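J.: Here is a sequence with its predicted model. Questions after.
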Amino acid sequence: MDRISWQAYEHKKKEKSVDWYWAVIIIALSIAAIAFIINDGFFAILIILGTVTLLFFSTREPRLFDISLDPRGLIVGKDMYPFATLQEFWVDITDMDEQKILFKSKKTIMPLIVVPLEEYHHLDVRDFLLQYLEEKEMHEPLSQKIMEKLGF
């Protein structure tokens, strides 16, 4: 097998209730009000802008990406990650409904790349990747798990 390709959404779409939006707005306004009370207007404005951005992205539909593995590296949409820039990988099958491949990058800005694994059996993908990278157990960062629970 010289190439493995599949499609996957960047994240699972999680419907948010009106209560979720109200909770985000109330919490943000409370933090902004406290910031104004302690004379930190810059932080208050930052909270409001961050909340507006959060609400905007929460309504956006997840994008569908073409993902492929070939002898050159990992391709996600239009982004190419050559194997030379990746250190190791781990196929995470703790949740069989949401299998993922985790790649540790040599780059400090993006140290972990998480790719959803959909159409292929995880052992086929593992065997392919073992030709190019070392396998080492890794786990998703807590921040990413929290964002998934919140619906992002």
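T.: Arrived safely.
J.: What residue spans form the domains of the protein?
T.: 4-10+66-150, 18-59 (automatic domain parsing).
J.: How far does the shortest one sit from its chain's centre?
T.: Domain 18-59 has its average C-alpha position 23 Å from the chain's average C-alpha position, going by C-alpha atoms, centre = their mean, to the nearest Å.
J.: Which residue ranges of this structure form strands?
T.: Using DSSP state E, the strands of the chain run over residues 4-9, 64-70, 73-76, 79-82, 86-92, 100-105, 112-116, 134-135.
J.: who touches the fifth one?
T.: Meaning strand 86-92. With C-beta atoms under 8 Å, 6 or more residues apart in numbering as the test, strand 86-92 has contacts from 73-74, 99-106, 113, 117, 122, 125-126, 129, 133-140. Backbone N, C-alpha and C define where each C-beta goes, glycine included.
J.: of those residues, buried ones?
T.: 73-74, 99-105, 113, 117, 125-126, 129, 133, 138 (16 or more other C-beta atoms under 10 Å).
J.: ok so, going back, among the domains of the chain, which gets the worst mean confidence?
T.: Here the lowest mean pLDDT among the domains of the chain goes to domain 4-10+66-150, at a mean of 85.
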